[in-house]
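In: my questions are about this predicted structure, shown below with the sequence.
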Amino acid sequence: MSDSLSIQNLHASVDGNEILKGLSLEIPKGEVHAIMGPNGSGKSTLSKVLAGHEDYEVTEGTALMDGEDLLALEIDERSRAGFFLAFQYPHEIPGVSNANFLRAALQARLPKGEEIDAVGFYKEMYEKMDALSMDRKFTGRFVNDGFSGGEKKRNEILQMMMLEPKYAVLDETDSGLDIDALKIVAEGVNRMRSPERGFLVITHYQRLLDYIVPDVVHVMFDGQIVKTGDKSLALELEEKGYDWVTEELAVSA
Amino acid sequence: MSTPDSATLEAVNIDQDAGNFSYAEDYAHDAGYGLTEDTIDYISNVKGEAEWIREFRKKALKTFHDKPMPTNWASKDLENIIFQDIRYYLSKGQTPTRSWDEVPDDVKETFERLGIPEKERKFLAGVEAQFDSEAAYSNVKEELEKQGVIFVNSTEGLREHPELFRKWFGKVIPTGDNKFSALNSAVFSGGSFIYVPPGVKVAHPLQAYFRINAENFGQFERTLIIVDEGAEVTYMEGCTAPKFETATLHSAVVELVAMKDAKIQYITVQNWSNNVFNLVTKRGMAHENAEIRWIDCNIGSRLTMKYPGVIMKGRKARGEVISIALANDGQHQDTGAKMIHAADETTSNIVAKSISVGEGRSTYRGQVHIPKHLKGCKNNTECDALLINSNSRTDTYPAITVRGNQHATQHEASVSQVSEDQIFYMKQRGLSEGEAMSLSVNGFVNDLVREFPMEYSVELKRLIDMEMEGSVG
Ligand SMILES: Nc1ncnc2c1ncn2[C@@H]1O[C@H](COP(=O)(O)OP(=O)(O)OP(=O)(O)O)[C@@H](O)[C@H]1O
Ligand SMILES: [Mg+2]
């Protein structure tokens, strides 16, 4: 229980519309879970609620990260406590270079008065960029500004690799990636898999799960997890479509 | 020359109508509060000034009285300046001091965080009337003297170099340019007088070494810089520490003269406390192939009105204004530039960036004037505004009067927002709200900050960080 990202009966709404309707999910450290679900079922909403986006109001339920009440923390505190979200639509930050942004994010994790070691920082960043086959010129470019869809996604993974979170939610990181990029990004994620880290991978495509093989697959529908299984569930979904799940639900109701 | 339209007139002059102000009559001779001819006499006597200066001041006083407040185009807040409640001259002995204990904690903390040296803090906080920078930097002074550079305060300049001073004094900015230049001409005190002889390129920026200098913090300082043929100088004014002020009206006049092939760079970083009206007239005259650059950074104050200008009088003269203005809650930065092309093949460049935070308000006023009879003039104007949260306001009043078709002008303006989602994204990576905002703001002004000398750009960055942190919550 305490070594996991544990979500219990989570209800959240935006402008009075309930979108998460009693969602429960537990990702133990060291595991990779995948969520699949139709458009609009609330997958991105879940990721943003966990990150603390202020548009969403949590009306019920809990989210604990290694036993710590995630929902009680500010957005930036959640990040520094080890929660990372790779955005479905990463934002642009005009005027701020990628390197400066990463540096500021790492600096924010140091105790007051301590300065980041610039040489070490660049060395590490270059290493990780190489692993993601990212050109060095991206360090000087403004964060996501004018990046192609795939470049943005790769940049999200670079940030994750630099910040080394305890739990990472990847929201459709695969969409927009060409097949080579998909392999590279998946490799990056796999390199980060460790007994000390948990992942929640949101995707529409079984293909990604060929490269990032999940321990558990969940199906989300209308703000709830309606089915959970192993990686074969993803294959089954791809084959039969979501109707299969909804029909099953209707039968069991 | 063609007649400028009314917008141009407004941009050039701070209005023409007559106004009337009444002043209490019972002021004693100590130049206490209020402004009468007696005040002028008092100032002139204390300074032991020549008769022509006394007359100059008195004429200016009349002009000041005759000119109305420019509230027909500028902020109505100007009406809240109570002229009879202002002290127009405080000789050093009279400068009010307070004890260190009376200095508010947030001011002390600011000094701390900006790393202002201990000795300078007391002066800035108004605890000590003077800071003796002369002794500390006497070696720099010696070097300048060897090159024949004159660098003194304006009182000394008037006394020791009247022939040079008088030739240019009030020529670039006539007394009647606007109500506040008239006020300054009446009661000016402090500021610098600089003369650089032909061909001398001053290696170090002046004033960087003298940045804490009581005279230069005057309310009504008057600066005159003359750079002779082929000579070069960089002057730096102000410092990033907010001066803890009792005086609420600051009205400076700065005149620059760049002779043939000369170069002047004038850099200002000012951070005023929230109660200050900062109404400044700055203009330079560039002769043939000369270059004048104003680099101006305005932070704080209740209302700042400042439009540095360059009159390009000689062929191939160049003028540039680079400005950054940051308006936080309760502040209004009304800034811009004036470029008066008065010779062929003159070139001007304006890059203005403003940041409005919370209820802060930024206004850009630009005037570019290229008359019809000239050939081959160029202007580039770029003004960008950044809004942080929806209450911020920004207005742009560019007035580009370009006559004739033998010129190249380019004008670009943009307004952008730091969106909530951008801040969310940055916070998700672990930055606090203040850090996220200051990174965004620093990103916005980054290309201009590079124009500042290293030492200043570091201070500027820190200052923006603090302003942004302070604006959160
Ligand atoms: N800020 C918002 N305001 C209004 N409605 C919202 C908001 N955010 C989400 N919604 C609605 O909530 C529902 C769930 O959206 P969400 O983005 O979480 O879906 P998703 O499962 O990620 O879909 P997709 O697969 O298309 O990315 C949608 O109907 C969406 O329109
Ligand atoms: Mg989504």
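Out: Yep, it's here. Ligands and ions are numbered 1, 2, ... in the order given.

In: three-state assignment of the closest residue to residue B:287 other than its chain neighbours?
Out: Using CB to CB, 6 or more residues apart in numbering or on different chains and skipping the chain neighbours, the partner closest in space to residue B:287 is residue B:314 (4.0 Å). The C-beta positions use only the backbone N, C-alpha and C, and glycine is treated the same way. State at residue B:314, reduced to three classes by DSSP: H, G, I helix; E, B strand; the rest coil: coil.

In: spell out the residue ranges of the strands in the stretch 101-250 of chain B.
Out: B:150-153, B:192-196, B:222-227, B:232-237, B:249-250 (DSSP state E, counting those that start in this stretch).

In: turn those strands into CSV, columns for distance to residue A:240, mean pLDDT and mean neighbour count.
Out: Formatted as CSV, those follow (distance: least, CB to CB, whole Å; pLDDT from 0 to 100; neighbours: other CB atoms under 10 Å in any protein chain shown):
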stretch, distance to residue A:240, mean pLDDT, mean neighbour count
strand B:150-153, 85, 85, 20
strand B:192-196, 82, 92, 25
strand B:222-227, 81, 95, 26
strand B:232-237, 73, 90, 22
strand B:249-250, 76, 86, 22
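
In: please name whichever of those is nearest to chain A.
Out: Nearest to chain A, of all those, is strand B:232-237, at 24.9 Å by CB to the nearest CB.

In: residues contacting residue 230?
Out: Picking chain A for this. Taking CB atoms under 8 Å, 6 or more residues apart in numbering or on different chains, we find residue A:230 in contact with A:215-217.

In: please refer instead to chain B.
Out: Taking CB under 8 Å, 6+ apart, one finds B:198-199, B:260-262 in contact with residue B:230.

In: for it, grab phi and psi.
Out: For residue B:230, the backbone dihedrals (degrees, to the nearest 10) come out as phi 70, psi 10.

In: tell me the pLDDT of it.
Out: Looking at residue B:230, its pLDDT is 98.

In: the residue nearest to residue B:287 touches residue B:288, doesn't it?
Out: Yes: counting by CB atoms under 8 Å, residue B:314 touches residue B:288, with 3.1 Å between them.

In: what sits in contact with each of these two?
Out: Listed contacts common to residue B:314 and residue B:288 are B:260, B:343; contacts here mean CB under 8 Å, 6+ apart.

In: more neighbours, these two?
Out: The residue with more neighbours, out of residue B:314 and residue B:288, is residue B:314; 21 against 18, by other CB atoms under 10 Å in any protein chain shown.

In: returning to that earlier point: of all the contacts of residue A:230, which comes closest to ligand 2?
Out: Proximity of these to ligand 2 (CB to the ion) peaks at residue A:217, which lies at 16.9 Å.

In: would that closest one count as being in a strand?
Out: Yes: under three-state DSSP, residue A:217 sits within a strand.

In: what's around it, how many residues?
Out: Neighbour count for residue A:217, taken as other CB under 10 Å: 25.

In: now it. Nearest residue, chain neighbours left out?
Out: residue A:233 (4.2 Å).

In: ditto for residue B:257
Out: Closest residue to residue B:257 apart from its sequence neighbours, by CB to CB, 6+ apart: residue B:226 at 4.6 Å.

In: for that neighbour, give the beta-bridge partners.
Out: residue B:195, residue B:257 (DSSP bridges).

In: I figured it hits residue B:169, correct?
Out: No: at 9.9 Å, residue B:226 does not count as touching residue B:169 under the criterion of CB under 8 Å.

In: any residues of the stretch 151-253 of chain A in contact with chain B? List them.
Out: Residues of the stretch 151-253 of chain A that fall close to chain B, judged by CB under 8 Å from any CB of the partner chain: A:159, A:163.
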